[in-house]
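*Asks:* sequence first, then the predicted structure:
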Amino acid sequence: MSMLTELVKYAQRQVEECGLTTEPGFKDKDARWAIDIAADGRFLGVLLLGEQGQGRRFCKCPDLKQSELTGGEEGGRRSQFLLHTAEVVALYAGRDAQGEPQEVTDEKIRSKHDYFVRLLREASSVMPELALAADCLETSLPEIRAALAEHRARNSDGVTLRIGGAFPVESPTWHDWWRQFRHNLLASLPREQAASHEKRRCFVTGELTAPARTHPQIRLAAVGGKSIDSSLISFDEEAFWSGGLRQSENYSVSESAATAYAAALNHLLEVAPTLAGTKIAHWYEGAKPDGDDPVLASLEGVFSTETEEISALEHARKLLEAIRTGQRPELLRARYFAITLSANRGRAVVRDWMHGSFEELTENVVAWFEDLSIRLPGGSMSRPPKFSAVLRSLLPPKRRRESKFDDLPAPFVAQMWHVAVRNEPIPRCALPAAVRRVVTSIVSDEEVPHEAVGLIKAYHIRKARLRRKEGGVMPEDFKPEVNPNHPSPAYHCGRLMAVYADLQRAALPTVGAGVVQRYYAAASATPALILGRLARLSQAHLGKLESSGLARWYEQRLADIWSRIGDAVPRVLDLEEQSLFALGYYQELANSGRKEPDAAGPETSPAEGEDQPAGDNAGES
């Protein structure tokens, strides 16, 4: 399925639904200021447009591509029509140190201004009021610049015209004139700039057409620190040309299709979330979700409704059940599409392209949050985390607090996003960062990010699921809470470490650096070397407990975990085993801090009437 084909289909639907502009030669543009001209041609002032001066979007503005603006008899000094920057429209170069307006002296900009005025006069043949605007720009420029300076306008701000209370750019009167003007302009371009006259098969529509020489740009200015628009398809170097084909003729796409896919992407990117230098654009086809948006839910961790915020996992489960039981038949036909984009030196880089059924997407979102779920110290279950929180949990503590993603490359972010949406195995490269983050937090006596622990659990669940080919069935070995029957000795070594730490805090509430800070890092790598030492140390701690019942409970708990490990304590743990050690430690920590006795009875909690362990915070790192 062609990504560009689906984008063109989306653009065609948006033309009907919201008036998206997809015709070549036209484009939606923003203007922050309007030069207000009376019906008799007098300059009235400048108007700040939009709510709170943020500017106003005009849906169908005349637009020339870069190749159409350069070359020809004007020496590359053509300009856009009806809407341009303040420096072109008013020869305004900004304010000086005293706040006085500065006039543009650059000859190239002044030539563009002359061309802007020339287009107004030529278009006045179909729209006479434009001649008044041309006269005003020739006679009132000092007053216009002074008004812009008084309002602290920037020379790069978009400026349009208002004549007699109306915006000419919103009138369809000039459209046919502009189409003919652009047709004549294209015919006058030098051969190396003009579109190919030889028809070729369009890769998007499949029709025979003259391929566009250049394609419209994509607005990725907020991605990757770029301040310029980016090209999705570009062959700007001769070394990339082939068969005598120039520029984008190497990938044959008609001008109308190129304009449509660019308009669709720009429309989607306006609301697309940004993650670590990447934009995630998505849409649906077949039926509108009406607020049930699994893609956004997987990013935000919640489904937002008008009345409340619902857990993404809870809502996704209900939505999936409604689809499967026929309560939402319209969603059986719905499909989703998602593109992950980033910018690299003026180019738009497609990091990922995904599509599938709405039902499959919802099922995968359920699996994502179920796999990440973990029981927290205190007994409650973790809420579905934001996707950004999962990524931040892989960063060092300082970076995580600052919400910086500099250490996470865009390809990795795209890969993790693909994993979440497609229900695929967690990449192994995420495991070292998650283990390191958990170990650092434990040893530093900081709060352990449950998202990192959940990611470790999800890694093993998805690896086991792939190995067993059980497709969506939760393996018995991995649960949100502690699993006494887990087959891995490394997992139980981590549990043992948590109980030793809990025991020490119960015996010595005011202890400074405890067994966790002193021994965790070594125990998680070489448990045979450390756990025997902690076993001997625990005898002293048991003797300091005031309650004999509590001492017996700890002895029983330690004996049970030791029996799970068996005769041979692992000498050395590899990376995956260290992650199981961390998972066992955290889950036992949560189990020890339960506010209520476990339903399993005395195996996991003191007998009725005996003292509880050292309280809700006894085992916290």
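*Replies:* Now that the structure is in, tell me what you want to look at. Numbers count the residues shown, from 1 in each chain.

*Asks:* which residues in the stretch 201-350 of the chain form helices?
*Replies:* Using DSSP state H, counting those that start in this stretch, the helices of the stretch 201-350 of the chain run over 255-269, 294-300, 312-324.

*Asks:* which residues sit against the shortest one?
*Replies:* It stands for helix 294-300. 273, 275, 280, 282, 303, 312, 315-316, 319, 336, 338, 358, 361-362, 364-365, 368-369, 386-388, 420-421 (C-beta atoms under 8 Å, 6 or more residues apart in numbering). C-beta here means a position set from N, CA and C on the backbone, and glycine is covered the same way.

*Asks:* ok, stretch 160-177 next?
*Replies:* 26, 31, 33-39, 47, 58, 60-62, 82-83, 123, 125-127, 129-130, 132-133.

*Asks:* what do you get for stretch 576-587?
*Replies:* With contact meaning C-beta under 8 Å, 6+ apart, stretch 576-587 is reached by 374-375, 431, 434-435, 438-439, 442, 448, 450, 453, 456-457, 459-460, 481-483, 486, 488, 490-495, 497-498, 520, 523-525, 527, 570, 573.

*Asks:* and it, what's buried?
*Replies:* 576-587 (16 or more other C-beta atoms under 10 Å).

*Asks:* same question for stretch 21-35.
*Replies:* Neighbour-count burial for stretch 21-35 [16+ other C-beta under 10 Å]: 21-35.

*Asks:* and stretch 117-135, by the same measure?
*Replies:* 117, 119-120, 123-124, 127, 129-135.

*Asks:* tell me the one among these nearest to Val515.
*Replies:* Distance to Val515 across the buried residues of stretch 117-135 (C-beta to C-beta) is lowest for Leu119, with 79.2 Å.

*Asks:* I'd say Gly277 and Ala414 touch.
*Replies:* No. With contact defined as C-beta atoms under 8 Å, Gly277 does not reach Ala414; the gap is 10.0 Å.

*Asks:* okay, and the common contacts of the two?
*Replies:* Contacts common to Gly277 and Ala414, judged by C-beta under 8 Å, 6+ apart, are Ser342.

*Asks:* work out for me the element the residue nearest to Gly25 when sequence neighbours are not counted sits within.
*Replies:* Distance criterion C-beta to C-beta, 6 or more residues apart in numbering; nearest residue to Gly25, sequence neighbours excluded, is Arg182 at 4.7 Å. Assigned by DSSP states H and E, Arg182 belongs to helix 175-188.

*Asks:* could you pull out the helices for the stretch 401-550 of the chain?
*Replies:* 410-422, 430-443, 450-468, 489-507, 515-525, 527-544, 548-565.

*Asks:* between the ones you listed, which one is nearest to Ala343?
*Replies:* Using C-beta to C-beta, the helices of the stretch 401-550 of the chain put helix 410-422 closest to Ala343, at 9.3 Å.

*Asks:* now flag whichever of the buried residues of stretch 117-135 is closest to Leu141.
*Replies:* Val117 (10.3 Å).

*Asks:* so that closest one: helix, strand or coil?
*Replies:* helix (DSSP: H, G, I helix; E, B strand; the rest coil).

*Asks:* so what's Leu48 bridging to?
*Replies:* In this entry, Leu48 is beta-bridged to Trp33, by DSSP bridges.

*Asks:* and the pLDDT at it?
*Replies:* You'll see Leu48 listed with a pLDDT of 95.

*Asks:* swap in the one 10 residues further on?
*Replies:* Per-residue confidence at Phe58 stands at 94 (pLDDT).

*Asks:* contacting residues for it?
*Replies:* Here Phe58 is in contact with 28-31, 83, 160, 167, 169-170 (criterion: C-beta under 8 Å, 6+ apart).

*Asks:* Validate this expectation: it resides in a helix.
*Replies:* No. Assessed with three-state DSSP, Phe58 is strand; it does not lie in a helix.

*Asks:* and Asp63, how many neighbours does it have?
*Replies:* Close neighbours of Asp63, defined as other C-beta atoms under 10 Å, add up to 22.

*Asks:* now the closest residue to it other than its chain neighbours: how far from Ala262?
*Replies:* Spatial nearest neighbour of Asp63, chain neighbours left out: Lys27 (3.8 Å); criterion: C-beta to C-beta, 6+ apart. Going from Lys27 to Ala262 by C-beta to C-beta, to the nearest Å gives 9 Å.

*Asks:* what touches both of the two?
*Replies:* With C-beta under 8 Å, 6+ apart, Lys27 and Ala262 have common neighbours Pro216.

*Asks:* Ala458 against Pro427, yeah?
*Replies:* No. Using C-beta under 8 Å, Ala458 is not in contact with Pro427; the gap is 11.3 Å.

*Asks:* looking at these two, which one has more neighbours?
*Replies:* Neighbour totals were compared for Ala458 and Pro427, and Ala458 leads with 26 against 13 (other C-beta under 10 Å).

*Asks:* what sits against the more buried one?
*Replies:* 368, 371-372, 426.

*Asks:* measure the closest residue to Glu330 other than its chain neighbours to Glu16 for me?
*Replies:* If the residues on either side of it in the chain are set aside, Glu330 comes closest to Ala287, at 4.0 Å by C-beta to C-beta, 6+ apart. Ala287 sits 16 Å away from Glu16, going by C-beta to C-beta.

*Asks:* more neighbours, the two?
*Replies:* Ala287 (15 against 8).

*Asks:* thought Tyr336 was touching that one, still the case?
*Replies:* No. Under the criterion of C-beta under 8 Å, Ala287 makes no contact with Tyr336, lying 10.9 Å away.
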